[in-house]
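1. next one to model:
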Amino acid sequence: MNRDSKIVSNIDWVTIMVYVALVIMGWLNIYAAVYNEEHKNIFDIHQRYGAQAMWIVAAFFVAIVILLIDIKFYTFFAYIIYGLSMLLLVAVLIFGKEINGARAWLSVGQFSIQPAEFAKFATALTIAKFMSGYNIKITQLNTLLILGLILFIPVGLIALQPDAGSILVFVSFALVLYREGLPGSILIFGGLMGALFFLTLIVPQLIIFSALIILGFILYFIIGKRYKETAIGALFFCVLATITGGIFKLAGKELNYALILAISFLISGLTFLVYNFFRRIPYIVPFVLIICGSIMFTFSVDFVFNKLLEPHQQRRMNILLGIEKDPLGMGYNVNQSLIAVGSGGLTGKGFLKGTQTKYNFVPEQSTDFIFCTVGEEWGFLGSFTVVILFVILMLRVINLAERQRSVFSRIYGYSVASIIFFHFFINIGMAIGVLPVIGIPLPFFSYGGSSLWSFTILLFILIKLDTCRIEVLK
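-> Sure thing, here's the model as predicted:
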């Protein structure tokens, strides 16, 4: 059996069949979402469904080309692909056109591309290339710093557009690094910081600081079992907070109790770190650093929320958290989405018969809210089928990743699974109103050439790597 026929026999046809099914279902739902009775031809290139048909054909062609390329191409050119992708992100900041408040698109003739979409698979290749290098250990500080830099460059460039949805997807690489040995405590800490971010938005800062400090002392009392030091630390903090408050009052400043608590704990924490240098008290260093870091993090929330997020993104998050209500404004999309999904019932209203869809009640219904069309016209059974197909795809990708002999292929495979999962989870979460609307496509489903091509490239590189799974790549 020659090499080519061997590759064909090794292709994972189940994954390809699921991919094709999702693409075709997505196309039909785009047709339903923007259906125009004056342009009924599904191949009419002047309509979104006609343009999507062209992009689907192009995506299939790209998939075939990827399967024909030698697998060593992806390891040899991983860093170059990453570099070119970063140059595109720089170019879009200079030459890109602004759409919906974000400079995220490059126009090429009649077409537009979104470089942030292609940065995802480029970053996946680069992380796989770096982590598969000789004597690379994820627990080493220099390894974590380099990985952080690989992720920070695209995230920083995308933040300048800004595109919060694309930035959030890069968090998915944390799951990949966890699979490769990143301590679970780091993921837990990251999750707690995320929870603290949202709590800071809905709970007064004074209560947050008080709870952090009290919880810190209680945990140290239980874990450290240093009762004398805990009592002395609590007393010293209370005295320092009283003195700091007095200084504020004498200076004629308004008593900001949250700031008083923060300053008092930071000073007392620094004092105990110096004291620990001589006495070597167990657990005191992580205790102080975690509480001080959490307090400083809460101060950064205002900056991130008010400076990095666009006004419409701030309002959407406030609506989700119940801070404000705007059913006819920023909350309109989600409300109409919930109506569309809920009105489908068990079996749906039927293809091209959705009223919410037909009369354009849901904005962005062919892109961010494409799942609404599924819910309204195909009902619970149709929605369940789509979810099951995505679950099958993700489980299949994980299975492909686990059976690779090459570290490069395994890491890349988990990157594919993580990126698809984040897009799937967030997009459907937006549609059913449990996550804020940040603008993120449903893989293979949403309208758009950049999204379809980038996900096709992302998936088919893995399928190609899997055809040579017994080989060890470097």
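
2. in which helix or strand does residue 107 reside?
-> strand 102-108 (DSSP states H and E).

3. in that strand, what's buried?
-> Using 16 or more other CB atoms under 10 Å as the burial criterion, the residues of strand 102-108 that qualify are 102, 103, 104, 105, 106. Glycine gets a C-beta too; all of them are placed from N, C-alpha and C.

4. just stretch 391-404 next, same as before
-> Using 16+ other CB under 10 Å as the test for burial, stretch 391-404 gives 392, 393, 394, 396, 397, 398, 400, 401, 404.

5. give me the subset of these that lies in helices.
-> Assigned to helices by DSSP state H, the following of the buried residues of stretch 391-404 qualify: 392, 393, 394, 396, 397, 398, 400, 401.

6. can you tell me which of those lies nearest to residue 171?
-> Closest approach between these and residue 171, by CB to CB: residue 394, at 16.6 Å.

7. who's in contact with that closest one?
-> Counting by CB atoms under 8 Å, 6 or more residues apart in numbering, residue 394 touches 417, 420, 421, 424.

8. now do the same end-to-end measure for stretch 249-256.
-> For stretch 249-256, the first-to-last residue distance is 10 Å (CA to CA, to the nearest Å).

9. where does pLDDT dip in the stretch 351-474 of the chain?
-> The stretch 351-474 of the chain contains residues with pLDDT under 70 at 354-367, 470-474.

10. if we go to 80?
-> For the stretch 351-474 of the chain, residues meeting the criterion pLDDT under 80 lie at 351-369, 431-439, 469-474.

11. which parts of it are helices?
-> For the stretch 351-474 of the chain, the helices defined by DSSP state H, counting those that start in this stretch occupy 355-358, 370-402, 407-431, 449-467.

12. tell me which of the ones you listed sits nearest to residue 294.
-> Closest approach to residue 294 among these (CB to CB): helix 407-431, 25.2 Å.

13. the closest one packs against which elements?
-> Applying 3 or more CB pairs under 8 Å, 6 or more residues apart in numbering; DSSP states H and E, one finds that helix 407-431 makes contact with helix 115-131, helix 164-169, helix 173-179, helix 332-343, helix 370-402, helix 449-467.

14. quick one: contacts for residue 227?
-> residue 221.

15. now the residue minimising distance to the centre of the chain. Nearest residue, chain neighbours left out?
-> With distances taken as CA atoms, centre = their mean, residue 169 lies nearest the centre of the chain, 2.3 Å away. Excluding the flanking residues, the one nearest residue 169 by CB to CB, 6 or more residues apart in numbering is residue 422, at 5.1 Å.

16. what's the neighbour count on the one you found?
-> 21 (other CB atoms under 10 Å).

17. please identify which helix or strand holds residue 147.
-> Secondary structure assigned from DSSP H and E places residue 147 in helix 141-159.

18. list the contacts of that helix.
-> Identification of contacts with helix 141-159 by CB under 8 Å, 6+ apart yields 82, 85-86, 89-90, 93, 104, 116, 119, 122-123, 126-127, 130-131, 136-138, 166-167, 170, 173, 177, 308.

19. switch to 6 Å and redo it
-> By CB atoms under 6 Å, 6 or more residues apart in numbering, the residues outside helix 141-159 that reach it are 86, 89, 116, 119, 123, 126, 136, 166, 167, 170.

20. mind saving the C-alpha coords of it as CSV?
-> Output of helix 141-159 as CSV, limited to C-alpha atoms (Å, rounded to 0.1, in the frame of the first residue of the first chain):
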residue,chain,number,x,y,z
LEU,A,141,9.1,29.5,35.3
ASN,A,142,10.8,30.3,32.0
THR,A,143,8.4,28.0,30.2
LEU,A,144,5.4,29.7,31.7
LEU,A,145,6.8,33.1,30.8
ILE,A,146,7.3,32.1,27.2
LEU,A,147,3.8,30.6,27.0
GLY,A,148,2.5,33.8,28.5
LEU,A,149,4.3,35.9,25.9
ILE,A,150,2.9,33.7,23.1
LEU,A,151,-0.6,34.3,24.3
PHE,A,152,-0.1,37.9,25.4
ILE,A,153,0.9,39.2,21.9
PRO,A,154,-2.3,38.2,20.0
VAL,A,155,-4.5,39.1,23.0
GLY,A,156,-2.8,42.5,23.3
LEU,A,157,-3.2,43.3,19.6
ILE,A,158,-6.8,42.1,19.6
ALA,A,159,-7.5,44.2,22.7
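
21. mean confidence score for it?
-> Across helix 141-159, pLDDT averages out at 88.

22. next, the buried residues of it.
-> Buried residues in helix 141-159, counted by 16+ other CB under 10 Å: 143, 146, 147, 150, 151, 153, 154, 155, 157, 158.

23. what about the closest residue to residue 120 other than its chain neighbours, distance to residue 124?
-> Once flanking residues are discounted, residue 120 sits nearest to residue 419: 5.6 Å by CB to CB, 6+ apart. For residue 419, the distance to residue 124 equals 7 Å [CB to CB, to the nearest Å].

24. same thing with residue 267?
-> Distance of residue 267 to residue 124, given as CB to CB: 45 Å.

25. test my guess that the residue nearest to the centre of the chain contacts residue 420.
-> No: with contact defined as CB atoms under 6 Å, residue 169 does not reach residue 420; the gap is 9.9 Å.

26. got the domain boundaries for this structure?
-> 3-198+315-467, 203-308 (automatic domain parsing).

27. most packed of those?
-> Highest mean neighbour count among those (mean count of other CB atoms under 10 Å): domain 3-198+315-467, with a mean of 18.

28. chain center to that domain, what's the gap?
-> Domain 3-198+315-467 has its C-alpha centroid displaced from the chain centroid by 9 Å (CA atoms, centre = their mean, to the nearest Å).

29. give me the nearest residue to residue 14, chain neighbours excluded.
-> residue 396 (6.2 Å).

30. any low-confidence regions in the stretch 51-200 of the chain?
-> Judged by pLDDT under 80, the stretches of the stretch 51-200 of the chain that qualify are 96-105, 107-112, 139, 161-165, 183-200.

31. how about the contacts made by the closest residue to residue 456 other than its chain neighbours?
-> Of all residues not flanking residue 456 in the chain, residue 59 sits nearest, at 4.3 Å (CB to CB, 6+ apart). Shown in contact with residue 59 (CB under 6 Å, 6+ apart): 452, 453, 456.

32. and the gap between the second one and residue 256?
-> Applying CB to CB, the value for residue 453 to residue 256 is 52 Å.

33. helix, strand or coil for residue 44?
-> For residue 44, the assignment made with DSSP: H, G, I helix; E, B strand; the rest coil gives coil.

34. that one and residue 52 touch, don't they?
-> No: between residue 44 and residue 52 there is no contact under CB under 6 Å: 11.0 Å.

35. what's the helix or strand where residue 198 lies packed up against?
-> Take DSSP H and E as the rule and residue 198 turns out to sit in helix 184-202. On a contact count with 3 or more CB pairs under 6 Å, 6 or more residues apart in numbering; DSSP states H and E, helix 184-202 meets helix 284-303.

36. need the residues that contact the helix it packs on.
-> For helix 284-303, the surrounding residues in contact (CB under 6 Å, 6+ apart) are 197, 200, 208, 212, 216, 220, 262, 266, 269, 272, 273, 276.
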